[in-house]
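In: just the structure for this:
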Amino acid sequence: TTDSDEPSSLAPVLSPSADRPERWDSACIANPVVLKPGPGEDRWKMWYYGNNGNWSDGTVGFLPTGTSGLAESADGVRWSKVDGPRADKSVFGPADNVDA
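Out: Predicted coordinates for the structure are as follows:
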């Protein structure tokens, strides 16, 4: 949104959590999928990939990792991230243990 809180086609609707480096999506977000509210629901849902700038082995990389998050919106324009149940606040992600 712009300073006047009016939606702008030039402004991103969701940005990395750069001010929260502990979050899984602090460096980049990508590949959003938006679902309109279903019967009995009042919120739009946006599922998206993200990355904190590093792979699990510490290698720097900004490609999506399979870690996913959720954002919700009442109007489909203004979005709020939903903290997930994982320690890094993601909704779900790949297991570090390949046998899991």
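In: from the centroid of this protein, which residue is nearest?
Out: Closest residue to the average C-alpha location of the chain: Gly69 at 4.3 Å, with Cα atoms, centre = their mean.
In: surely Arg20 meets Ala27?
Out: No: in this structure Arg20 lies outside contact range of Ala27 using Cβ atoms under 8 Å: 11.1 Å. Just so you know, the C-beta spots here come from the backbone N, C-alpha and C atoms, and that holds for glycine as well.
In: so for these two, which residue has more residues nearby?
Out: Ala27 (18 against 13; other Cβ atoms under 10 Å).
In: for the nearest residue to that one once chain neighbours are set aside, grab the count of nearby residues.
Out: Among residues not flanking Ala27 along the chain, Gly53 sits closest, at 3.5 Å (Cβ to Cβ, 6 or more residues apart in numbering). For Gly53, the count of nearby residues is 13 (other Cβ under 10 Å).
In: repeat that for Ser15.
Out: 13.
In: adjust the sequence numbering to begin at 49 for everything that follows.
Out: Taking 49 as the first residue, the last one we looked at is Ser63.
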